[in-house]
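In: Prediction below, plus the sequence it came from.
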Amino acid sequence: MSGAGRAVLAGLALTLPFWLPNPYFLHVAIMAGIFGVLALSLNLLLGYTGQLSLGHAAFFGIGAYASALLTLRLEWSFWLALPAAVALAALAGWLIGRLALKLRGAYFVLVTISFAGVVALVSVNWMELTNGPLGLPGVPAPTLGPWSLRGKPAYYYLVLAAVLLASLVCRRLVHSRIGRAFVALRENEPLAESVGVDVTHYLVLAAVVSAAMAGLAGSLYAHYTRFVSPEVFLFSYTVTMVIMVVAGGKGTLAGPLVGALIFTVLPEALRAVVSWQWQMLAYGVLLILLVVFLPRGIVPAIAAWRVRQAP
Amino acid sequence: MARAAGTLTLAVRDLAVRFGGVAALAGVSFDVHPGTITSVIGPNGAGKTTAFNAITGYLAPTRGRIEYDGSPLTGLRPSAIAARGIVRTFQRTSVFPALTVADNVMIGLHLRGVAGLVDVTLRRRRLAAEESRLAREADGILDFVGLGRRRGERASELPYGEQRLVELAVALGARPRLLLLDEPGAGMTTAEKTTVTDLIYRIRDQATTVLLVEHDMRMVMSISDAVIVLNHGRVIAAGTPAAIQAHPDVIRAYLGSAGDRA
């Protein structure tokens, strides 16, 4: 994207609560941001290392529960609970990375699905800790000094900061030997090993960073909706993340954010104009069209189009 | 290269690899001396690539020892062996297909970088300095193999001969002290083979020992300092090209005879 385009985009994002004061629209923007962080997180694994995690909701849920429990039970400040949630999710990512060390493709997918299943079961059945299916109400909104970040405009900026942070981390990673090691694993593992890339080390590292980001999104979600229940582990969250990454363009920096924006706004927009049956139908048709016509995703398609336009 | 005897030598001792009931290597011993170009030849199925795979950690030997510079390589993973300076190429063209030629080489430079997660996320200057250093080194390697003008193209879109040069460039990125080339001339035109032969000389002159598997006898006999002949998983001869060409067992293995087919 050109410098001017980027400046306009940054300007729009920074001033959004001023020209979009409608709380419902702001809510959609906040959810798009939270899903943006999630999509960026999944993209590190799926887009760069080429490994599909279908248990990504687990890291999101672990972050959400950790943050909620630490603030509710131990009365930690949000600003301590957030990094703790990130660290706990990262630890879970490390565990999965170690478990899946030698597994690739379908086997890696199975490990991640099973892990998410186990964590979801724990959240339902460990009543003393999680309050089971009833969930944890009353998760406190974050405060910053004397100000509460309870209002949607303030929370929007908090989420925007998280999106920027996650994007920055992804950008730096991708343009470093670490990101290249991820891609090497995706492109040709034996060749990567032959020049000294310790592939298993980098797969674990990708899982840790990815899980940490998902945990960040989970914590932000918990303190935004202020209620956490086993619903955070729903498989549909993972599916949504995959759709965002694949439709936006896996293995690109902007793709997951574009995907997150479209697939958060679109269902809401459809809800406004058609009944729910037609919503799902339209959603499905759009997905099929995307896969058929833009198999590599929206962002790579735009990039290719711009290359063709250039003299 | 004036080096003390024994240092930087690859020593293979009684190496055996079995696949089920088949002995791909049945107790092979040889040395590769520093500063030389050494070739491993032999009919198809003689165990040449198996030996490469065992030396570079891609498969675990059933028996035997492999030492480099006096320390054992057996049991190490391929990436750890590469970190010791032993880098291999593959028999079938092996590049990072979706990436540009320059990015292929940048991955090859992995061991020349040091940036870890903390540097990447928090130390922006250090990361930028490393990236520009690596990009310069990648350019140097691309010029060395003659792919300078191809740096922006996708590896998968290059013609076959140039893809093999990309492979070489990726391997050189790891700064090998011992480079194992698996049929570097396979499928190449005579002109391309001349280019590769010339490159192998230049690589050797940069103090890199070269061990290669090759079928093209003209290439082998012209560039090798030493030749090792494998047949049915055993070393049947080893020596200078001239000695090998006159060796009766070698002639029999290549031309075949009634006794050999039994």
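Out: Ah, there it is.
In: Okay, helices next: where are they in the stretch 51-200 of chain A?
Out: Taking DSSP state H, counting those that start in this stretch to define them, one finds helices in the stretch 51-200 of chain A at A:56-72, A:78-99, A:106-125, A:127-130, A:152-174, A:177-187, A:189-194, A:199-225.
In: Check chain B too.
Out: According to DSSP state H, chain B carries its helices in the segments B:48-55, B:78-83, B:101-108, B:117-122, B:124-145, B:160-173, B:190-205, B:217-223, B:241-245, B:248-255, B:258-261.
In: Rebuild those helices as TSV, extending it with mean pLDDT.
Out: What follows is these, written out as TSV (pLDDT from 0 to 100):
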stretch	mean pLDDT
helix B:48-55	93
helix B:78-83	96
helix B:101-108	96
helix B:117-122	88
helix B:124-145	94
helix B:160-173	94
helix B:190-205	93
helix B:217-223	90
helix B:241-245	89
helix B:248-255	80
helix B:258-261	44
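In: returning to that earlier point: of the helices of the stretch 51-200 of chain A, which is nearest B:I86?
Out: With C-beta to C-beta as the measure, helix A:189-194 is the member of the helices of the stretch 51-200 of chain A nearest B:I86 (9.5 Å). Using the backbone N, CA and C atoms, a C-beta is placed for each residue, glycine as well.
In: near chain B, which residues of the stretch 201-311 of chain A show up?
Out: For the stretch 201-311 of chain A, the residues in contact with chain B under the definition C-beta under 8 Å from any C-beta of the partner chain are A:205, A:209.
In: Might you name the residue of the stretch 201-311 of chain A sitting closest to chain B?
Out: Closest to chain B within the stretch 201-311 of chain A is A:L205: 6.7 Å, counting by C-beta to the nearest C-beta.
In: ok so, going back, out of the helices of chain B, deepest packed?
Out: Comparing the helices of chain B on average neighbours per residue, with mean count of other C-beta atoms under 10 Å in any protein chain shown, the densest one is helix B:101-108 at a mean of 27.
In: A:I178 contacts A:Y202, correct?
Out: Yes - the criterion here is C-beta atoms under 8 Å, and A:I178 meets it with A:Y202 at 6.9 Å.
In: Could you count how many residues lie near the residue of the stretch 201-311 of chain A closest to chain B?
Out: 22 (other C-beta atoms under 10 Å in any protein chain shown).
In: so who does A:P137 touch?
Out: Counting by C-beta atoms under 8 Å, 6 or more residues apart in numbering or on different chains, A:P137 makes contact with A:226-227.
In: Identify all residues paired with it through a beta bridge.
Out: Applying DSSP bridges to A:P137 gives these bridge partners: A:F227.
In: That one and chain B: what is the separation?
Out: If you measure A:P137 against chain B using C-beta to the nearest C-beta, to the nearest Å, the figure is 35 Å.
In: A:P190 now?
Out: The spacing between A:P190 and chain B, counted by C-beta to the nearest C-beta, is 7 Å.
In: Report pLDDT for that residue.
Out: In the prediction, the pLDDT value recorded for A:P190 is 95.
In: Quick one: work out the angle between the helix or strand hosting A:A10 and helix A:152-174.
Out: For A:A10, the element it lies in under DSSP states H and E is helix A:3-19. Angle between the axes of helix A:3-19 and helix A:152-174 is 160 degrees (criterion: axes from the mean of the first three to the mean of the last three C-alpha atoms, to 10 degrees).
In: for helix A:3-19, packing partners?
Out: When contacts are defined as 3 or more C-beta pairs under 8 Å, 6 or more residues apart in numbering or on different chains; DSSP states H and E, helix A:3-19 sits against helix A:23-43, helix A:152-174.
In: so of those, which one's packed in deepest?
Out: Of all those, helix A:23-43 has the most neighbours on average by mean count of other C-beta under 10 Å, namely a mean of 23.
In: Now do that one: which elements does it pack against?
Out: Judged by 3+ C-beta pairs under 8 Å, 6+ apart, the packing partners of helix A:23-43 are helix A:3-19, helix A:56-72, helix A:152-174, helix A:199-225, helix A:235-248, helix A:255-273.
In: Which one of these lies nearest to B:A171?
Out: For these, distance to B:A171 was read as C-beta to C-beta. The smallest value, 16.7 Å, belongs to helix A:199-225.
In: pLDDT of the closest one, averaged?
Out: 96.
In: can you pull the buried residues of that helix?
Out: Neighbour-count burial for helix A:199-225, counted by 16 or more other C-beta atoms under 10 Å in any protein chain shown, picks out A:199-200, A:202-225.
In: And stretch A:62-76, by the same measure?
Out: With burial defined by 16+ other C-beta under 10 Å, the residues of stretch A:62-76 counted as buried are A:62-72, A:76.
In: repeat for stretch A:172-188
Out: A:172-174, A:176-188.
In: quick revisit: quick one: closest of the helices of the stretch 51-200 of chain A to A:L12.
Out: Using C-beta to C-beta as the criterion, the shortest distance between A:L12 and the helices of the stretch 51-200 of chain A is 11.2 Å, found for helix A:152-174.
In: still on that earlier bit, pull the distance from the helix holding A:A10 to the chain's centre.
Out: Here the centre of helix A:3-19 is set off from its chain's centre by 22 Å, with C-alpha atoms, centre = their mean, to the nearest Å.
In: Can you name the residues in contact with that helix?
Out: Here helix A:3-19 makes contact (C-beta under 8 Å, 6+ apart) with A:1, A:26, A:29, A:152-153, A:156-157, A:160.
In: tell me the angle that helix makes with helix A:23-43.
Out: Computed by the same axes, to 10 degrees, the angle between helix A:3-19 and helix A:23-43 is 140 degrees.
In: Quickly, which of the helices of the stretch 51-200 of chain A bottoms out on average pLDDT?
Out: Across those, helix A:127-130 gives the lowest mean pLDDT, at a mean of 86.
In: Show me which pair in the buried residues of stretch A:172-188 is furthest apart.
Out: With distances taken as C-beta to C-beta, the most widely separated pair in the buried residues of stretch A:172-188 is A:R172 and A:N188, at 23.8 Å.
In: OK, contacts around A:L234?
Out: A:A57.
In: ok, back up a step: and which of the buried residues of stretch A:62-76 is nearest B:A237?
Out: Where the buried residues of stretch A:62-76 are concerned, and distances follow C-beta to C-beta, B:A237 has its nearest neighbour in A:I62, at 62.7 Å.
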